[in-house]
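1. Kindly return the folded structure for what I paste below:
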Amino acid sequence: MTIGEATGTIMNRQHNFFFNIGLATCALITANAFCWDEFDCSISEEREQHYETTIAKQDQPIEDCDTGVWLPEDPVLFRPFVADPREIDYSIGWRFNDHAIGKNVIDVSFGDTVAFYRWCNVGPWKGQLQIELEGGLWAVFDPLHESSPLVNADYYVGVPITYAAGNWSFRLRGYHISSHIGDEFLLCHPGFDRRNPSAETIDFFASWDITSEIRFYSGFGIVVHQDETFKDGRFYVAGGTELHLSQLGFVNVAQQIYGRPYYGMHFHFQTKRENHINQTYVLGYEWGKLCGLQRILRVFLEYHDGYSVEGQFCRFPTNYCALRFSYGF
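-> Numbers count the residues shown, from 1 in each chain. Model (predicted):
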């Protein structure tokens, strides 16, 4: 067997290993959803009741308004995906062995959401409808070279319209994203063929909270316009699942704070990238408030396999592990 064949075999086994983990986790989550009463929780009865009435409440919209609220100071109606590499939040991490960027990479993000207006009791399901503005920046640096040069930065602005009723929530979003290669990176790589990845996209996602701890979601997107110098696939689909293990966590009622471990999977497929499906898995611990906007602090391990998510490098196959910290919804 040649070295190339051996390497291909190892990569295939690695890919199959993580894919099987994903399938097994889906089966476990589904079993938990329909056999929850048989699960022997170690958490006390009082704490379990508090999770059902308090933490579950963070996923439900307010019901005490007749028409609407300007600049609502309440939790978002459609929560970001915890395993999505392009989640809107504040974060920092250290990647190991990113085949597209480098063996050691520092990735940071700055992103937030502003809710402009929330309508109450909308539609036959008496749900909540909200219009928002999102902005974000994702950047990657090479920390082991002199001056830690910026490799790539992606800039994002979006206008989501979200709706939530009961255990269901939906998001219709239009957004712009553009990518820029770092100046120092270009100076160190004079032969790099710089392009101008820039696109306007519309996507739609639906999310279902089976319980206060188990969530499934999926959706699709259409690229309506993109720069001529960097044409990418016009359609994509994505989906995933999240499991928040409240029975292994804690609740401090006096401080209005809780903590619990969590696990998430996110899958993304885009046309013109048929050789791989982006797969991202996260495992970590989260701390959140039971009042106010209910933002969450997370520390987690991340594994990504598929294509790079960094701008012009998005056609480069890669896989990497990372240790990350994030703060957001």
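2. in this structure, what spans have low per-residue confidence?
-> Applying pLDDT under 70 to the chain flags the ranges 1-66.
3. Contacts only, for the residue positioned nearest the centre of it.
-> In the chain, the centroid-proximal residue (C-alpha atoms, centre = their mean) is residue 84; its distance is 2.4 Å. The neighbourhood of residue 84, defined by C-beta atoms under 8 Å, 6 or more residues apart in numbering, consists of 238, 240, 266, 280. Every residue, glycine included, has its C-beta placed from N, CA and C.
4. got a list of what residue 320 touches?
-> Counted by C-beta under 8 Å, 6+ apart, residue 320 has contacts 95, 96, 97, 98, 99, 105, 303, 304.
5. I meant residue 203, not that one.
-> With contact set as C-beta under 8 Å, 6+ apart, residue 203 has these partners: 171, 172, 173, 175, 219, 220, 221, 222, 236.
6. Just those: which are in strands?
-> 171, 172, 173, 175, 219, 220, 221, 222, 236 (DSSP state E).
7. Any of the residues you listed buried? List them.
-> Buried by 16 or more other C-beta atoms under 10 Å: 171, 173, 175, 219, 221, 236, out of the ones in strands among the contacts of residue 203.
8. in the sheet, who's paired with the third one?
-> Spelled out, that is residue 175. On the basis of DSSP bridges, residue 175 is bridged to residue 158, residue 201.
9. for the fourth one, same thing?
-> Here residue 219 sits in beta bridges with residue 205, residue 238, going by DSSP bridges.
10. For it, give me its contacts.
-> So residue 219 contacts 171, 203, 204, 205, 206, 237, 238, 239 (C-beta under 8 Å, 6+ apart).
11. For the closest residue to residue 88 other than its chain neighbours, identify the helix or strand it belongs to.
-> Nearest-residue entry for residue 88: residue 111, 3.9 Å, with adjacent residues in sequence omitted and distances by C-beta to C-beta, 6 or more residues apart in numbering. Using DSSP states H and E, residue 111 sits within strand 102-122.
12. isn't there a strand covering residue 125?
-> No - read with DSSP: H, G, I helix; E, B strand; the rest coil, residue 125 is coil and lies in no strand.
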